[in-house]
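> Generate coordinates for the sequence data below:
(3 chains)
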Amino acid sequence: MSVLSEELREKIRAEFPKYPNKRAVTLPALHLVHDTLRAVSREAIVEIAELLELHPAEVHDTMTFYNFFKDETNPLGRHRVWFCRSISCMLRGGEELLETVCHKYRVHPGETTPDGRMTVEFAECLGACEGAPCILVDDVCHMNVNPASASALIDKL
Amino acid sequence: MATFEPALFARINKPDSALLKTYQADGGYSRLKEFLSMAPGDVTNIVKDSGLRGRGGAGFPTGLKWTFLPKDHPGPIYLAINADESEPGTFNNRYLMELDPHQLIEGIILACHAIRSQKAYLYLRYEYGTSYRVLDAAIRECRAAGILGNNILGTGVCCDIVLHRGAGAYICGEETGLIESLEGKRAWPRIKPPFPAIEGLFRKPTIVNNVETLCCVTQILYRGTEWFKSIGVPPDPNNPRDPGSYGPKLYCVSGHVNRPCCVELPLGVTARELIEEHAGGVWKGRRAKAVVPGGISMGFLSASELDTRLDFAGPGRVGCLGLGTAAVVVVDDQTSMVDVLYNCCRFMSHESCGQCTPCREGTAWMTKILERIRTGQGRTEDLDLLMEVAGSMGIIPGTTICGLSDGAAWPVKNAISKFRSEFEDYIRSRKASVTSAQQLMAVH
Amino acid sequence: MATVTINGKDVEIGSNERLNCIQAASKAGVEIPAYCWHPALSVVASCRMCLVEVGDKKPDGTVAMQPKLVPGCQTPVKDGTVIIADSQKVRDARKATLEYLLLNHPLDCPTCDQAGECYLQDYSFNYGRGYSRLNEPKNIKPDKDYIGDQITLFTDRCIMCTRCVRFTREVSGSAELQVVSRGSHEEIDIFPGHPVNNPLAGNVVDLCPVGALCSKDFLYQQRVWWLKSTNSVCQGCSTGCSVTVDQNEDKVYRLKPRVNELAQGHFMCDEGRFGWKYTHSEERLTVPQIRSNGHTTSQAWEDVLASVRSSLQKAATGRQKLAAVLSPWMTVEEAWLLAVCIRSLSPQAVLAVGPVRVTGADEHFPKDLRGHVIEPVKFTIRAEKCPNRAGVQAVVAHFMDELMPFEELLRLASSGQFSAVYLTGGDPQGWISEMQAEAFSDVETVIVQDFLPSPVLQHATHILPSGTFVEREGIVVNHRGLAQLIRRAVRGPDGSRPDSRILWELSGRSGLFQPEALRAEIAAAVPALAALTNPALKTTGVLLETAQQTTV
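Residues are numbered from 1 along each chain as shown, chains lettered A, B, ... in the order given. Predicted coordinates:
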């Protein structure tokens, strides 16, 4: 029973023509699987490797290089909220913001809330320094965030 | 000073600035056909003559880099656009991509023509979701309008762009780290030689250019090299090897200022002017203690160095690494430099790719030393040790494969040499300043 | 010819040689320390241990040195290259690199297998700072004993040279090893469920410069400074990998490959690496015997040998013939001694090469995902599993007009053609089946020289316990005609004797086995083996130009 649906496989295959070899589709494939399944499990890695004609270790070592991807032991919640901890955000209260949120929602960076709603992460510079402190909620960046506005955003997820 | 008329930012405040029709209404793509009918070498010569230097951090003359490609190579030749923008404090490429994607696309097409490439890979950091959506839409608009694809506007030139999203690693902003990442591997920068122009993406000749650099290419072709050279700082007449600092630059200002912003100005504005006249001055009525001149890799200017001109040569004269990304971050006088330096070191050790020994071990060591200092258990010898470690790593002494190490070392070198007494006082006071927030993020 | 200057000393480089600074320096007797560089793997220049100063000597004699340090492994030398490996700058860089490597390195020397042959120990001793300035907690990483059936990993000893990962990607092609995570948290690991069990797996342990990857077979068995190393040749197949046999007190602890570009290159396969255990088997034959009617009538070597001699002499005068089976596990000298001995007793004696065990097909590496070979081939395990078919065949061919297949000899034996047969075994996996052995059931004199029991022993009239390859000296010739020496590393169990001694005495030659004189004799007599007196035999081995390639 394969972990990757035919639809997901089609999406991965659709990337092949863009590159001269299949290995270059590693990162796009990991993203596709990770976004859909909220983790890249061992089985998924094996299936990705088969599609890309690579050894599983060759997919897995790329995957672990980026702290971005979760495996099946610690899957993502329904949403992922990144809190920037680099210099500009730190100078304007970013670290305290993260602490407040972690305290309020009883979760540590890297972990998911018990109700599975949100995974909290710290991030390095998100490139929104003019609006520090900023957070990235899934694929949308929010600037000039304070504990109140962060809670409001999170509660709406 | 007279308000500078933006070129790169000419359209960003227009409604629907990202749409094709807005770009075209402003004259965008109107001469693309003419430029694509020129010989590729002629386009390269224009860029060379303009004196354009890369805006990604290294400041290498762009046109010169294009000439490093092998002549008569059967191809394919690739253009890789470095949109990984991860240097802390930097966000100018984000503006360009979100608000004026077509200026970038036109620059890409022009660059591809000059280097005889038909395929451009735009490596975009994953966190720039909006940029991704905007660029994707813009590229589709171009394809539909015959501006990208086969036979662009009937000229016979072919060019297309593949958007490739990263996954959150600073080292993917290094040329060959980007290439390795794009190829699907761990982003371990390659040893050089061979350089990317000879053997790059998929082992083919590749030019890697920054987003802002390519937007400058568009402006240079449309407005001319005279225009470009009328802006900025000409070469130092006493230094025959100085290519000067021509053209406009997008400066990012963030940190302890009243109006953090991204502003387009001629190269060479001073840090003081940037902060006071464009960013509303230091916040809360305070003074600046230290200013990052171009992303944290470049180190720090001290309060007495704020009249440094932020061009390619200025920061180096006061002991910083260089202009970098021209991302200015202001630290006020109520902030501890120990905390600031710790933040920089933690970033670098987190982002070190781990391939070569001095960077892998050295960045972590410096971070651990600073951690200990911040728990109140530092010793003054630690400062000398930090200086020694910082001095032994980097491509400048030749001990590492890429420049991340130099960027890791420079904040340490500048902070300790320019703010030594603050560090010594801190150590002597045995003060501990590890907040619980920082403890939450202890995994560096 | 090109001249390279290293530390002020000039050294000549051949015009065809493509060398890096490390190799050029080595020619001048100067060591440039390195971890990640290996001549059989790609260059990554990541350890930064080999940093040196490099420059160019212009025709007018002035030297222009590059301002930065460069890795010696990625810098090719040419005529006029100047290398400085002993300046303060280089010394400081080495001290720094070693200090960095030791930062997170655990204090495991007291129990680490690598102690005594560890690059980290050796370089620290030669080039290190001599004291630690670390005041921080070390990164601790978990050990991984699941890396392979034969391989265990002490993760925090790893210095991230990535030789092991590159080996599995570039030489075996099986890509089991990977680096996980990033920065100082990096670790070597496998993908779960895909351990390093490929046929060349054991090489990653050799490649590991420190005690991170260890052999489970050798783990905690012996401190390396008690081991004595002897150069020899693996007997597992006709590739004939050059090896060293490491032993202490007559017990072999491990085999390791020895570099030999004429033989196999840098590596060896696991079958050969671990396939010597039979040398210490409890089943070894250790009692010489004269047997008749199922009873042993003597167990003394002198009696047995005398009986063998007299039985052969008696058989030689009879109507039937003598025969000898010369095992392709024999050395050239042993084969010669036996052939000469039998033929001098009986000029019509039949000599045949023993069974040549062939398993499957030659296996080439690296292989891709589907098991297809990727060119260029970097290692081959050969299907022909005997180490000296070529050598033994050359001897037999000298005496016989036609080479007789072993099955033919069995047929002749069954049909009562022989009154005496001299059989040599030597294949640790058995050389003769019960059914084949039946062929000798009615032969009057059956002499068996072997080191492990086999079905033919029940028909033997004389049993001569012989030696394995670690107990004997002699020449073996591999698949392409490379003649190399196996050398005696240990004494065999009491009661056994090296084949050369047995056959020397049987031949009536006086004194001890004299290999040099014997080789001269063989070289003079057999044109195909003329090269055996070449001194290169004792180092890399020597190629025999006309070694026979036909299979029996």
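> Would you agree A:Phe83 falls within a helix?
No. Counting by DSSP: H, G, I helix; E, B strand; the rest coil, A:Phe83 is not found in a helix; it is strand.
> how about the nearest residue to it, chain neighbours excluded?
The shortest distance from A:Phe83 to any non-neighbouring residue, by CB to CB, 6 or more residues apart in numbering or on different chains, is to A:Leu98 (4.1 Å). Glycine gets a C-beta too; all of them are placed from N, C-alpha and C.
> what's the answer for C:Met404, then?
Looking at C:Met404 with CB to CB, 6+ apart, the closest residue is C:Ala352, at 4.5 Å.
> Kindly report the same for B:Val412.
Using CB to CB, 6+ apart, the nearest residue to B:Val412 is B:Ala390, at 4.1 Å.
> near chain C, which residues of chain A show up?
A:42, A:45, A:53-58, A:60-61, A:64-67 (CB under 8 Å from any CB of the partner chain).
> An error on my part: the question was meant for the stretch 51-200 of chain B.
Looking at chain C, the residues of the stretch 51-200 of chain B close enough under CB under 8 Å from any CB are B:169, B:186, B:188, B:191.
> And the furthest pair within these?
B:Ala169 and B:Ile191 (19.0 Å; CB to CB).
> quick revisit: pretty sure the residue nearest to A:Phe83 is in contact with B:Ala437, am I right?
Yes. Counting by CB atoms under 8 Å, A:Leu98 does reach B:Ala437; the two are 5.8 Å apart.
> In the stretch 451-552 of chain C, what residue lies closest to chain B?
C:Thr540 (32.1 Å; CB to the nearest CB).
> Which residues are in contact with that residue?
C:242, C:260-263, C:484 (CB atoms under 8 Å, 6 or more residues apart in numbering or on different chains).
> Check what pLDDT the residue nearest to A:Phe83 gets.
Turning to A:Leu98, the model gives it a pLDDT of 94.
> Quick check: A:Phe68 touching B:Cys172?
No. With contact defined as CB under 8 Å, A:Phe68 does not reach B:Cys172; the gap is 11.3 Å.
> Which of these two has more residues huddled nearby?
B:Cys172 (28 against 20; other CB atoms under 10 Å in any protein chain shown).
> Pop the domain breakdown of the chain in here.
Chain wasn't specified; assuming chain A. A:6-65, A:79-155 (automatic domain parsing).
> that answer is for a different chain, and I need it for chain C
Split by automatic domain parsing, chain C gives C:2-98, C:289-471+C:490-531.
> now the end-to-end length of the longest one.
Counting by CA to CA, to the nearest Å, you get 38 Å between the two ends of domain C:289-471+C:490-531.
> Can you name the residues that contact C:Tyr422?
C:312, C:322-325, C:338, C:342, C:447, C:449.
> Helix, strand or coil: sort out it for me.
Of the three states, C:Tyr422 takes strand under three-state DSSP.
> The one 4 residues further on now?
When the structure is split into helix, strand and coil by three-state DSSP, C:Gly426 lands in coil.
> And it, how close does it get to chain A?
40 Å (CB to the nearest CB, to the nearest Å).
> still on that earlier bit, what score does the residue of the stretch 451-552 of chain C closest to chain B have for pLDDT?
Reading off the model, C:Thr540 has pLDDT 93.
> Next, the buried residues of stretch B:414-428.
Across stretch B:414-428, burial judged by 16 or more other CB atoms under 10 Å in any protein chain shown covers B:414-416, B:418-419, B:422-423, B:426-427.
> among these, which are in helices?
B:414-416, B:418, B:422-423, B:426-427 (DSSP state H).
> quick one: which of the contacts of C:Tyr422 is nearest chain A?
Distance to chain A across the contacts of C:Tyr422 (CB to the nearest CB) is lowest for C:Val325, with 46.3 Å.
> Identify the neighbouring strands of the strand or helix carrying that closest one in the sheet and state each direction.
C:Val325 is part of strand C:321-326, with elements assigned from DSSP states H and E. If you go by DSSP bridges, strand C:321-326 pairs up with strand C:350-353 (parallel), strand C:418-424 (parallel).
> Measure how far that strand is from the centre of its chain, please.
Remark: strand C:321-326 is offset 31 Å from the chain centroid, using CA atoms, centre = their mean, to the nearest Å.
> ok, now stretch A:29-44?
Mean-position distance between stretch A:29-44 and its chain equals 11 Å (CA atoms, centre = their mean).
> Stretch C:416-427 now?
30 Å.
> Flag every buried residue along it.
Buried-residue list, stretch C:416-427, by 16+ other CB under 10 Å: C:418-427.
> what's the most distant pair in these?
Farthest apart among those - using CB to CB - are C:Ser419 and C:Asp427, which lie 25.7 Å from each other.
> Please name the nearest non-neighbouring residue to the spatially most central residue of chain A.
Nearest to the mean C-alpha position of chain A, counting by CA atoms, centre = their mean, stands A:Phe68 at 5.0 Å. Nearest residue to A:Phe68, sequence neighbours excluded (CB to CB, 6+ apart): B:Ala167, at 4.2 Å.
> distance of the one you found from B:Cys353?
Applying CB to CB, to the nearest Å, the value for B:Ala167 to B:Cys353 is 13 Å.
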